[in-house]
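A.B. asks: Predicted structure and sequence below. I'll ask about it afterward.
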Amino acid sequence: MSSASEYAVGQRWLSNTESELGLGAIVNQDFRSVEVFYPATGESRKYTKNDAPLTRLTFEVGDTIKSQDGWSMEVSDIEISQDVVIYHGKHTETGETSRLPETMLDHHIRLNQPEQRLFSMQHDIPKWFDLRLKAFTHMSDYQRSQTIGLAGARIELIPHQLHIASQVGNRHAPRVLLADEVGLGKTIEAALIIHQQIKTARAQRVLIVVPDSLVHQWLVEMLRRVNLAFAIFDESRCEAMDESEQNPFEQEQLVLCSLDFLRDNTKRHEQALAAGWDLLVVDEAHHLVWSAEAPSADYQCIEALAQTIAGVLLLTATPDQLGHESHFARLRLLDPARFHDYDTFLNEESQYSELAEAVTPLLGDDTLDDEQIKRIRELAPHSASELTNLDDFDQRDALLHALIDRHGTGRLLFRNRRAGITGFPERHLQAHPLPLPDVYEDMLELTDDLDEALYPERQPSLVNSWTDLDPRVEWLLEFLPSVKPEKVLLICASAVTAQQLGEAIRLRTGIRHSVFHEGMSIVERDKAAHFFADDEEGAQILLCSEIGSEGRNFQFAHHLVLFDLPMTPDLLEQRIGRLDRIGQTKDIQIHVPYLEDTAQSVLLDWYHDGLGAFTQTCPTGTGVFEQVKDQLTDCLLVPQDKESRAALVSRTHEINQSLRKQLDAGRDRLLELNASGKGKVEDLLDDIIAQDANDALADFMNWLFDAIGVNQEDKGNDCFILRPGESMVNSLPGLDPEGMTVTYRRRVATTLEHVHYLSWDHPLVHNAVDVILTDTIGKASLGFIADRTLPKGAYWLEALFTLSVNAPAHLQASRFLPAIPIKLCIDAQGEESDTTFEKTRRANKKIAQQLIGALKTPVNNQIDKARELASAQAETLLTQARDTMKSSLGAETERLRELQQDNPAIRDSEIAFIDDQIAALDAAFDDAEVQLDALRIVVNNP
Ligand SMILES: Nc1ncnc2c1ncn2[C@@H]1O[C@H](COP(=O)(O)OP(=O)(O)OP(=O)(O)O)[C@@H](O)[C@H]1O
């Protein structure tokens, strides 16, 4: 390709100032002016011949050119006829000899090679060269950083969450149970893991399945925390897509739906199974009840999915809530080969406890005696063999972590306990004893039915009157005004009770309230929850049935009314967990209005005096419940028997103390150490904190937004309003045409909901970078500097190359070899120079044209030299990338292989995937390419 400068009708010329016009054709000329028609845009321009900003476009032998009709040809011969060029060559598809006069060239032509643009005067502002370089540099650093997918989440930096997310998010097809105690952030951990998996191309298609009361909350959390827009699937949405006869689940990459919807609908379940996913996430997984004889429908529904989907995250705060067998079954969902038989699992668990007990001395500061050391070595020969001095605390620590890694369910199950995390407000019990009304007395004396004993208000004969007779209702109606305007969450066991209480409030007071129960649609429930959350106009009280006790975020309230008490400690903890969760700012008041000498009063004593379950989380509750269940039931049915009640409480207390001791010393202590990340997460945390404190992103984006024409208005308080400017070079996907408020500060983003948190992970940042990197902006430019210390007229060529590789996304090549920039500067003598140019001015077009014409040959030589040097540098970078890839992935397989000797939770497929990944990346790196991305000529003109 080259350019010339005599005008003739039919010739093709490019505008130097308006390259968007496409390729023009001369339609007229006289001795003073020339007229060009640009067919791509239908516009004409008339220029004075003397200073027409035009460059003639001609091609050379070897170039490939495209015709207006869409076919291409490789030029082998050039003929000039009446000053118009006629190209001859081979049709690229048919191979036939072809002829293409320049008048018939494709007028949409847009030169994208830097050399083509440089020599045909398609120049941009010189600073865009710097912008391209910066964009490549930042993006290649980002893709190789350990904080990818984590640092950009709109969250407070909570160590245990980041630890779990980085441990799990870094795995290929992770299969884990996230089982932190209630309200410690499992949803956030899942969001971080999903985000990291997506950002590193480990996963693309994700299916989240949750109870229907949590669908909307998950949607909001995913969007708000990690900018992932999930599509909610329900029957009406699927039906609407049925017409296309395609599998609706294949139409979206990120899908969120309720377990009920999949379980009750065979067709949709089958479609979901057939759609192919990388990651399945199931919340409130304790619902997946299982026994060998009768696995529940919920369990089977998820089991089928877990068998076909490589990555699985299960979430539950109360893994033992519906029995230990079901807990085993959930582990079985994650790894059926390892957890094939319940008895073997129990046996293994007991050995694990034995191991945990043996290593407990490692947690303390005392010197280990010979017997203790011997036990550790016996139980963990692989882990302990490398260690020589167990009195060395570093070695102890290393052994402890190795043991956690290598044994039991540590890799599979993450459980943090409240006890290990500080900063939670206190919980206070406010018990309100109330006299038993006559209408309940007879029935309660006679009954041997637990439900009747616990819920006397459900008697059919009282259905329309109990709210007038039950003193708990009276108490509630007096209590609400006494704490007004504070919000109150009330939970009771049944939807009917919640509705009837709502009705009583409506008829007898003017208090704003709303109800939340399974009889309402998802939309109605979300409306009710919103109404409750509204600070100014909202409801003072939300009356929930049991479905309100799971997963929801109501920590803006500080008063919880338990209108009745549930039978299991885990369910009580779930209820309290609605308020007692991260983000709770005040002490929590738990109000229990109860009828004296009834089953409810027995439960209250049992929970409070026996387990201490109101004022603290009670991780041993289920274990105790299993042991005293019968005794408890007896007491519930004969609440007047004070002696039996005292015996129950005292036995409960004893068992609880002993189970707690075991937990603290044993298995859970190790699990917790593993899940908390203590001693492991600090580097990652420091990295994120350093990134937060660094202004590199804000500076770069400020520059980038300016360059592409986005208006930025400083709103104060570290917030900016971004609006599309009139001169935007291209549209920017994700930029709200009405404007959007953004911040680069985590502190602001976590306090102001409506402000977007711009981070290296944010889609708007990536889109803005794409706007320039996928376009030709800055590919060629010529700039002046004014430096009196350098010779006048001295010039340099700056060349920007990228080293990159094409490989299927699942290989995650960009973790090791993203498009890495190589920038070179060549002086007029053709030598490499380390000169850098701070401020380059745009050169006047005419002068630029003259310079380019005069410097064409030396510049071509400089480009050749730069290519040579770039290839050499690329060799080094490629070797480094290959070494890093092999050592990092190699170390990972080595570690997994070692772990596998002790811990069967390591799946063969996990190791095989990494082995294959190393081999495939190694081969792909052979084809890595160095490409010229941009050129800038800099001339000294003081
Ligand atoms: N790192 C964080 N930064 C800001 N808010 C957080 C963070 N972690 C958790 N939260 C908030 O704390 C609350 C509890 O978190 P989350 O819902 O993830 O807990 P959970 O363990 O899933 O709860 P549950 O056991 O009730 O299902 C939520 O409101 C969540 O948004």
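C.D. replies: Perfect, thanks for sending it. Residues are numbered from 1 along each chain as shown.
A.B. asks: give the contact list for whichever residue of the stretch 351-500 of the chain sits closest to the ligand.
C.D. replies: Closest to the ligand within the stretch 351-500 of the chain is N416: 9.1 Å, counting by CB to the nearest ligand atom. Bear in mind the C-beta positions are built from the backbone N, C-alpha and C, glycine included. By CB atoms under 8 Å, 6 or more residues apart in numbering, N416 lies in contact with 160, 164, 180-181, 184, 672, 675-676.
A.B. asks: so what's it scoring on pLDDT?
C.D. replies: Note on N416: pLDDT of 87.
A.B. asks: between the contacts of N416, which is closest to L469?
C.D. replies: Lowest distance from L469 to the contacts of N416 (CB to CB) belongs to E181, with 38.8 Å.
A.B. asks: per-residue confidence for the closest residue in space to R788 that isn't next to it in sequence?
C.D. replies: Using CB to CB, 6 or more residues apart in numbering and skipping residues adjacent in sequence, the residue nearest R788 is P942, 4.9 Å away. P942 is assigned 81 on the pLDDT scale.
A.B. asks: In a strand, V85, correct?
C.D. replies: Yes: residue state for V85 (DSSP: H, G, I helix; E, B strand; the rest coil) corresponds to a strand.
A.B. asks: List the beta-bridge partners for it.
C.D. replies: Note on V85: beta-bridge partners by DSSP bridges are I80.
A.B. asks: for stretch 641-660, which positions count as buried?
C.D. replies: For stretch 641-660, the neighbour count (16 or more other CB atoms under 10 Å) marks 645, 648-649, 651-653, 655-656, 659-660 as buried.
A.B. asks: Could you do stretch 610-627 as well?
C.D. replies: Residues of stretch 610-627 classed as buried: 610-614, 616-625 (neighbour count, 16+ other CB under 10 Å).
A.B. asks: Cross the residues you listed against strands and list the overlap.
C.D. replies: With strands defined by DSSP state E, no entry of those lies inside them.
A.B. asks: For those residues, which two are the farthest from each other?
C.D. replies: Among those, F614 and G623 lie farthest apart (CB to CB), at 18.2 Å.
A.B. asks: does the residue of the stretch 601-750 of the chain at minimum distance from the ligand sit in a helix or strand, and which one?
C.D. replies: Across the stretch 601-750 of the chain, the shortest distance to the ligand (CB to the nearest ligand atom) belongs to T750, at 5.8 Å. If you go by DSSP states H and E, T750 is part of helix 746-751.
A.B. asks: What strands line up against the helix or strand following that helix, and which way round?
C.D. replies: Moving toward the C-terminus from helix 746-751, the next helix or strand (DSSP H and E) is strand 756-757. With DSSP bridges as the test, strand 756-757 is paired with strand 740-743 (parallel).
A.B. asks: Surely the residue of the stretch 351-500 of the chain closest to the ligand is within a strand?
C.D. replies: No: secondary structure assignment (three-state DSSP) places N416 in coil, not in a strand.
A.B. asks: Give me the spatial nearest neighbour of it, chain neighbours excluded.
C.D. replies: Closest residue in space to N416, ignoring its immediate chain neighbours: D180 at 4.3 Å, by CB to CB, 6+ apart.
A.B. asks: Distance check, R32 against D83.
C.D. replies: 18 Å (CB to CB, to the nearest Å).
A.B. asks: For the residue of the stretch 601-750 of the chain closest to the ligand, which residues are in contact?
C.D. replies: By CB under 8 Å, 6+ apart, the residues touching T750 are 154-156.
A.B. asks: quick one: which of the residues you listed is most hemmed in?
C.D. replies: In terms of neighbour count, I155 stands highest of these at 23 neighbours, by other CB atoms under 10 Å.
A.B. asks: That one reaches T187, doesn't it?
C.D. replies: No: between I155 and T187 there is no contact under CB atoms under 8 Å: 10.7 Å.
A.B. asks: I'd say S291 and E325 touch.
C.D. replies: Yes: applying CB under 8 Å as the test, S291 and E325 come out as touching, 5.8 Å apart.
A.B. asks: Return the distance of S81 relative to the ligand.
C.D. replies: Distance of S81 to the ligand, computed by CB to the nearest ligand atom, to the nearest Å: 73 Å.
A.B. asks: Now do the same for that residue: its pLDDT.
C.D. replies: Among the per-residue scores, S81 holds a pLDDT of 91.
A.B. asks: and R99, that's in a helix?
C.D. replies: No: under three-state DSSP, R99 falls outside any helix and is assigned strand.
A.B. asks: For it, list the residues it contacts.
C.D. replies: R99 makes contact with 86-88, according to CB under 8 Å, 6+ apart.
A.B. asks: ok, so what distance separates it from I847?
C.D. replies: 38 Å.
A.B. asks: count of residues packed around A920?
C.D. replies: Per other CB under 10 Å, the neighbour tally for A920 reads 15.
A.B. asks: S514 belongs to a strand?
C.D. replies: Yes: using three-state DSSP, the assignment for S514 is a strand.
A.B. asks: Can you verify my assumption that it contacts E537?
C.D. replies: No: under the criterion of CB under 8 Å, S514 makes no contact with E537, lying 11.9 Å away.
A.B. asks: More neighbours: which of these two?
C.D. replies: Between S514 and E537, S514 has the larger neighbour count (other CB under 10 Å), namely 22 against 7.
A.B. asks: okay, the more buried one: pLDDT?
C.D. replies: For S514, the model assigns a pLDDT of 94.
A.B. asks: beta partners for it?
C.D. replies: Going by DSSP bridges, S514 is paired in beta bridges with L542.
A.B. asks: ok, it - contacts?
C.D. replies: Shown in contact with S514 (CB under 8 Å, 6+ apart): 502, 528, 531-532, 539, 541-543.
A.B. asks: Just the buried subset of those, please.
C.D. replies: For the contacts of S514, a burial check counting by 16+ other CB under 10 Å picks out 502, 528, 531-532, 539, 541-543.
A.B. asks: Same list (those residues) but as CSV, adding distance to T308 and pLDDT.
C.D. replies: As requested, the buried ones among the contacts of S514 are exported to CSV (distance: CB to CB, whole Å; pLDDT from 0 to 100):
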residue, distance to T308, pLDDT
G502, 44, 96
A528, 36, 91
F531, 40, 92
F532, 39, 93
A539, 43, 94
I541, 45, 96
L542, 39, 96
L543, 41, 96
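A.B. asks: The ligand: which of the residues you listed is nearest?
C.D. replies: F532 (14.3 Å).
A.B. asks: Double-check that the closest one belongs to a helix.
C.D. replies: Yes: counting by three-state DSSP, F532 falls inside a helix.
A.B. asks: Tell me who's in contact with the closest residue to it other than its chain neighbours.
C.D. replies: Leaving aside its chain neighbours, F532 sits nearest to L542 (4.0 Å; criterion: CB to CB, 6+ apart). Applying CB under 8 Å, 6+ apart, we find L542 in contact with 487-490, 513-516, 528-529, 532, 548, 554.
A.B. asks: at 6 Å what do you get?
C.D. replies: 489, 514, 516, 532 (CB atoms under 6 Å, 6 or more residues apart in numbering).
A.B. asks: Can you give me the distance of the second one to Q499?
C.D. replies: Look at S514 and Q499: by CB to CB, they are 11 Å apart.
A.B. asks: shared neighbours, the two?
C.D. replies: Counting by CB under 6 Å, 6+ apart, nothing touches both S514 and Q499.
A.B. asks: now the longest helix along the chain: how far from the chain's centre is it?
C.D. replies: In the chain, ranked by residue count with DSSP state H as the criterion, the top helix is helix 845-902. Distance of helix 845-902 from the chain centroid (CA atoms, centre = their mean, to the nearest Å) equals 30 Å.
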